[in-house]
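1. with the sequence up front, the predicted model follows.
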Amino acid sequence: MRKNIRIKILLITSIALTIISAGITYYNVLEKKESTNLVIHTYEVIQSSRRLLTLVQDLETGQRGYLLTTDSSFLDPYHTALIDLDADIKYLKGIISSNARQTGLFDHKLLPIVERKKANLELSFEVMKKYGRDSASRFVARGVGKQLMDSTRYYVNDLIRHEEQQLVERSKNLEQIYFVSDVVHFSSFALIGLTSVLALFTIRDKERVNNRLMQNLRELNRNLEQKVRERTQQLEEEKNHSVQLNEELQENLEEIRSLHDALLNANKKLVNLNEEKDHFLGVTTHDLKAPLVGINSLLQLLKLDGQNLTEKQKEYVLLMEDTCQTMQRLITDLLDVKRIEQGATPVNKRTISISALLHSLRAQYATWLENKNIQFQIENQFEEDALTTDPDILHRILDNLISNAIKFSARDKKVSVQIYQKNSELTIQIVDQGPGINEGDLNLLFGKFRKLTARPTGGESSSGLGLSIVKELVHILDGNIKVKSKEGEGSTFTIILPLN
């Protein structure tokens, strides 16, 4: 009987080791296959990258040949390379999609440069078509195409270098897998034999151990029964304690429900009060517009009749006109805040000229700039100049920021507007030489009705709403606004808008 048991144990052990060996062997085969596929994939990436570089070079060769000879036969390989290039880009992008590093290099470095290279080549043909071969040759001599070609070659080589490094690592890994596979095969057979021998000795020791375990098991069983009785008594006590805690929890829950109902009622009252506030604000601001228009019209009549007014009366008329304009701006700000909070600011996009918008704003501030002797400078580095956006919203944003820059600048200072394109975004910076913003005010800058430490230099008024409106309007245009300022050194407000 015991011999039969031993035979069964040895048989089961041998079968188990065989299954384990087979599993390890199967796993090694999968690793071999996967590593081999990775090596092949790396070769494909390297080959496709080199083919991409060759196609870009063929494009440039066709372009140069045509520009130098005007022989249209050079355009045949050019167009063929152009078609093949799009297919190769799509294929290369697909096979590196699983590699975040290569995908990032391809999408953000190599692909934009290749697209710019293609655009540069097409532009050279347009220059030749419109202005002749000499103009096209001068266009090529600028070196932009060469720079783009060098950049393309650099990033393709970077892509290939990375793949070659991976190729070395994957080849080493494949060799290691083959080595491990051989070791596993020989080791598994040796292990099966060794296990069989050990099993014979283990069986004898197991019989002695089993006898001792049976004695220990009887003792443990007696101890377990005693502990079960003690634990049962303890659970009964905990049950009574849990009942008490549950009653206290129920009382706390009732109290929380009462507080929750009270908070809901208070919240409803706050919502109603806020709606009443918005209604009152809307009615009040609309009702104030008509009297202001009337007062401003009367002031214009007084100005027309200026020959019958004393100098002091003329000064009073100007002061009243400034007050009306300030009140009109405050009403406009309040209406803007109301529309933004209610989500009632429509976005009507159309293509506008940035330079034309800025020049109209400069004309708008001409008298103010002259009175404070402030130099207003426009630095427009945006070559396209055309921007698709809501012109009214953008005008409102720039009007607030530029008027603030003038308002907080002392006499004989400079206010500049800088515009440039970075990637697919347009950056507009309004830079002043005002008193700057201290660190404490920076945290409050875009809040509503915030009066900051810095004050206007010419006695101008401030509602504390302008910058909060600017921030919301920039967000409506899917943009972002940032400010950089140091006390005593002026401020720079940066608006970043998407170009798509």
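-> Great, that's in hand. Residues are numbered from 1 along each chain as shown.

2. quick one: average pLDDT of the helix or strand harbouring L394?
-> Element membership of L394 [criterion: DSSP states H and E] is helix 391-407. The pLDDT scores in helix 391-407 average 89.

3. who touches the helix or strand immediately after it in the chain?
-> Once the chain leaves helix 391-407, the next helix or strand it forms, by DSSP H and E, is strand 414-422. Here strand 414-422 makes contact (Cβ atoms under 8 Å, 6 or more residues apart in numbering) with 354, 358, 374-384, 398, 402, 405-406, 409, 426-433, 499. The way it works is simple: take the backbone N, C-alpha and C, and place the C-beta from them, glycine included.

4. just confirm E164 contacts I46, I think it does.
-> Yes. Assessed by Cβ atoms under 8 Å, E164 is found in contact with I46 at 6.7 Å.

5. between those two, who's got more neighbours?
-> More neighbours surround I46 than the other of E164 and I46, with 18 against 15 (other Cβ atoms under 10 Å).

6. any idea of the mean pLDDT in the host helix or strand of the more buried one?
-> Using DSSP H and E, I46 maps to helix 2-69. Summarised as a single mean, pLDDT over helix 2-69 is 77.

7. same question for stretch 101-113.
-> Rounded mean pLDDT across stretch 101-113 is 87.

8. cool, stretch 226-245 as well?
-> The average pLDDT for stretch 226-245 rounds to 79.

9. do the same with stretch 424-440
-> 88.

10. one step back: beyond the helix holding I46, next helix or strand please.
-> With DSSP H and E, the next secondary element past helix 2-69 is helix 75-95.

11. just the residues contacting that next one, thanks.
-> By Cβ under 8 Å, 6+ apart, the list of residues contacting helix 75-95 reads 41, 44-45, 48-49, 51-52, 55-56, 58-59, 61-63, 66, 103, 106-107, 111, 114, 118.

12. do the same with stretch 119-128
-> Contacts for stretch 119-128 (Cβ under 8 Å, 6+ apart): 59-60, 63, 66-67, 135-136, 139-140, 144-145, 148.

13. against which helices or strands is the helix holding I46 packed?
-> Using 3 or more Cβ pairs under 8 Å, 6 or more residues apart in numbering; DSSP states H and E, the elements in contact with helix 2-69 are helix 75-95, helix 111-131, helix 133-141, helix 144-304.

14. quick check: buried residues in stretch 59-76?
-> 59-60, 62-67, 74 (16 or more other Cβ atoms under 10 Å).

15. for these, which one is nearest L174?
-> L59 (37.1 Å; Cβ to Cβ).

16. ok, now which ones touch that closest one?
-> Applying Cβ under 8 Å, 6+ apart, the residues near L59 are 78, 81-82, 85, 117-118, 121.

17. which residue comes closest to it once chain neighbours are left out?
-> A81 (5.0 Å; Cβ to Cβ, 6 or more residues apart in numbering).

18. look up how far E60 lies from the one you found.
-> A81 is 9 Å from E60, where distance means Cβ to Cβ, to the nearest Å.

19. about what we covered before: list only buried entries from the contacts of helix 75-95.
-> Burial by neighbour count, 16+ other Cβ under 10 Å: within the contacts of helix 75-95 this picks out 41, 45, 48-49, 51-52, 55-56, 58-59, 62-63, 66, 106, 111, 114, 118.

20. got the domain ranges for the chain?
-> For the chain, automatic domain parsing gives the domain ranges 2-205, 347-498.

21. quick check: end-to-end length of the last one?
-> Using Cα to Cα, to the nearest Å, one end of domain 347-498 lies 14 Å from the other.

22. residue ranges in the stretch 51-200 of the chain under the pLDDT threshold?
-> 181-182, 184-185, 188-189, 191, 195-200 (pLDDT under 70).

23. as PDB, could you dump the C-alpha coordinates of the helix holding L394?
-> Output in PDB follows, covering the C-alpha atoms of helix 391-407 (Å, rounded to 0.1, in the frame of the first residue of the first chain):
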ATOM      1  CA  PRO A 391     -13.600  91.100 -33.300                       C
ATOM      2  CA  ASP A 392     -16.000  92.800 -30.700                       C
ATOM      3  CA  ILE A 393     -14.700  90.500 -27.900                       C
ATOM      4  CA  LEU A 394     -11.100  90.900 -28.900                       C
ATOM      5  CA  HIS A 395     -11.600  94.700 -29.200                       C
ATOM      6  CA  ARG A 396     -13.100  94.700 -25.700                       C
ATOM      7  CA  ILE A 397     -10.100  92.700 -24.300                       C
ATOM      8  CA  LEU A 398      -7.400  94.900 -25.900                       C
ATOM      9  CA  ASP A 399      -9.300  98.100 -25.000                       C
ATOM     10  CA  ASN A 400      -9.400  97.200 -21.300                       C
ATOM     11  CA  LEU A 401      -5.700  96.100 -21.200                       C
ATOM     12  CA  ILE A 402      -4.300  99.000 -23.200                       C
ATOM     13  CA  SER A 403      -6.400 101.600 -21.400                       C
ATOM     14  CA  ASN A 404      -5.200 100.200 -18.100                       C
ATOM     15  CA  ALA A 405      -1.600 100.400 -19.300                       C
ATOM     16  CA  ILE A 406      -2.100 104.100 -20.200                       C
ATOM     17  CA  LYS A 407      -4.100 104.800 -17.100                       C
END
